[in-house]
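Engineer: Give the three-dimensional model of this entry:
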Amino acid sequence: MALGHPHIELPLVKFARHGRRVLEACDLLEAIADDLPRKVAPIWREVAQHCVAIMPGHYDSLLHILIPVLKRRTRGDPDCEAVLARLEQEYADACHRFPELFALLQDAQDQGVATIDEEALGYALRSYFEAIRQQMAWERDVLIPLAERRLTRADYAELGKSLSVSGLPGRPR
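Structural biologist: Model (predicted):
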């Protein structure tokens, strides 16, 4: 990521770094889907816990920290408003789907591979992580560059303060 203002880039670097962790979680979900039905499920609990620790916090931070600041900064620009509204809706939808994903993994683990419909589970996992990857590409290619172009020093200070208070949930401690 090439940011134009090194003295104010830390908040966006944090968002981008956390976004890479979300993509790593997608890789873990893909590995589960690829291994169906050969592998037994013990690793699934760890993958589900990893995803729970990373994905919701990332989306929550985007929805409640970054996007509101960007919406204020781009007010009156119909193109930016449309992009932010779309991303906001997609991120909110993803947040509603997280419990479904985690319950699916938990149920599959509790029931065991022999009793689940591995084709349905694989399809559900793939549709989920593919949608997340697409959203992360929008974040990387549209949201972060928009923030780089539009945010002011005061906006970065606000983001930095919000992130120092709330952090990005699921980050390594």
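
Engineer: Longest helix in this protein, please.
Structural biologist: Longest helix in the chain by number of residues (criterion: DSSP state H): helix 78-111.

Engineer: State the mean pLDDT of that helix.
Structural biologist: Average pLDDT, helix 78-111: 85.

Engineer: same deal with stretch 135-147?
Structural biologist: Average pLDDT, stretch 135-147: 93.

Engineer: Can you give the contact residues for it?
Structural biologist: Here stretch 135-147 makes contact (C-beta atoms under 8 Å, 6 or more residues apart in numbering) with 1, 12, 15-16, 19, 22-23, 26, 62, 66, 70, 74, 80, 83, 87, 90-91, 94. C-beta coordinates here come from the backbone N, C-alpha and C atoms, glycine included.

Engineer: picking up where we left off before, now do the helix or strand that the longest helix of the chain is followed by against helix 78-111, angle only.
Structural biologist: Where DSSP states H and E defines the elements, the next helix or strand beyond helix 78-111 is helix 118-138. Following axes from the mean of the first three to the mean of the last three C-alpha atoms, to 10 degrees, one obtains 150 degrees for the angle between helix 118-138 and helix 78-111.

Engineer: Mind listing what's buried along the very next helix or strand once past helix 118-138?
Structural biologist: Remark: after helix 118-138, the chain's next helix or strand is helix 144-150, criterion DSSP H and E. Within helix 144-150, the residues scored as buried using 16 or more other C-beta atoms under 10 Å are 144, 146-148.

Engineer: With stretch 28-44 instead?
Structural biologist: By neighbour count with 16+ other C-beta under 10 Å, stretch 28-44 contains the buried residues 28-30, 32-33, 35-36, 41, 44.

Engineer: State the pair within the residues you listed that is farthest apart.
Structural biologist: Maximum pairwise distance among the buried residues of stretch 28-44 (C-beta to C-beta): 15.8 Å, between 30 and 41.
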